[in-house]
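Asker: Everything below, folded, please.
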Amino acid sequence: MNRGNRIAVVGAGLGGLTCAAFLQREGFAVTVYEQAPAFSRIGAGIILSANVMKVLRRLGIERRLLEAGISPDAFVSRAWDTGEALYEITLDAASEVRFGGPYINVHRGDLHAVLETAVRPGSIAFGHSLVGLEQTGEAIQLVFENGARQEADIVIGADGIRSKVRDILLKQIDEKQRAQPGRKVEDRTPEERDPSRILDAPAWNAFCQTFLRGA
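Answerer: Presented below is the predicted three-dimensional model:
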């Protein structure tokens, strides 16, 4: 891929910031567009296992994450109704050697703040809520609710479960399918087309996970 390509990442959440940070380290010009006017401390605790920590280590933020989070002594999975311990992993020095990295619990807000430090200063544009994508020759024009328009060669949608990028692309694909002669496209209501319906369904085989920290 040409490193002269301009890359737009839509959404400055955990995925968007991680994606932007890695691309910038490879020499790409990346701008992240975030609809919120500023970052705020939201969310709850997040588990970062060894495989995740090894990835984030490459961004140079492992030490800061260790300082922001806690290192539990064990991971215990319990049955949701009885509390019975179903599975337990001891998390000690031996497990860190075995898996190649630490296992920590960290607040989402702290993880987000550390990830922000891995992104080049000035490359996050706040207050930019995407409303459209338009093909202009070989480039893509991003249209925002605030009236701004920006061009990019590559657009990456990292704007969450109610992704505007996904909605725009699915609409374009659906219109192309309908335009094909002899092709039948099933009509569905907007509610039936919403992928979040699946993710919002209750998890019947749920487990409670309890994290134990030694004295």
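Asker: could I have stretch 53-69 exported to CSV, CA atoms only?
Answerer: What follows is stretch 53-69, C-alpha atoms only, in CSV (Å, rounded to 0.1, in the frame of the first residue of the first chain):
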residue,chain,number,x,y,z
MET,A,53,-0.9,-6.6,25.9
LYS,A,54,1.7,-8.0,23.4
VAL,A,55,0.0,-6.0,20.6
LEU,A,56,-0.1,-2.8,22.7
ARG,A,57,3.5,-3.4,23.7
ARG,A,58,4.4,-2.6,20.1
LEU,A,59,2.9,0.9,20.6
GLY,A,60,5.1,1.5,23.6
ILE,A,61,2.3,1.8,26.1
GLU,A,62,2.6,-1.4,28.0
ARG,A,63,4.2,0.2,31.1
ARG,A,64,1.6,2.9,31.3
LEU,A,65,-1.2,0.4,31.1
LEU,A,66,0.4,-1.6,33.9
GLU,A,67,0.5,1.5,36.0
ALA,A,68,-3.1,2.4,35.2
GLY,A,69,-4.6,-1.0,35.8
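Asker: buried ones in that stretch?
Answerer: Neighbour-count burial for stretch 53-69 flags Met53, Leu56, Leu59, Ile61, Glu62, Arg64, Leu65, Ala68, Gly69 (criterion: 16 or more other C-beta atoms under 10 Å). For glycine as for every other residue, the C-beta is placed from the backbone atoms N, C-alpha and C.
Asker: For the residues you listed, give me CSV that also has secondary structure.
Answerer: CSV is the format used below for the buried residues of stretch 53-69 (DSSP: H, G, I helix; E, B strand; the rest coil):
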residue, secondary structure
Met53, helix
Leu56, helix
Leu59, coil
Ile61, coil
Glu62, helix
Arg64, helix
Leu65, helix
Ala68, helix
Gly69, coil
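Asker: Pick out the most distant pair among the residues you listed.
Answerer: By the measure C-beta to C-beta, Leu59 and Gly69 form the most distant pair in the buried residues of stretch 53-69, at 15.5 Å.
Asker: got a pLDDT number for Arg188?
Answerer: On the pLDDT scale, Arg188 is placed at 52.
Asker: and what of the one 10 residues further on?
Answerer: pLDDT recorded at Ile198 is 43.
Asker: which outside residues touch stretch 20-27?
Answerer: Residues from elsewhere that reach stretch 20-27, judged by C-beta atoms under 8 Å, 6 or more residues apart in numbering: 3, 7, 9, 12, 30, 32, 58-59, 115, 118-120, 123.
Asker: Restricted to helices, list those residues.
Answerer: Leu115 (DSSP state H).
Asker: Please tell me which one of the contacts of stretch 20-27 counts the most neighbours.
Answerer: Greatest neighbour count in the contacts of stretch 20-27, by other C-beta atoms under 10 Å, goes to Val9: 29 neighbours.
Asker: What score does it have for pLDDT?
Answerer: pLDDT for Val9: 98.
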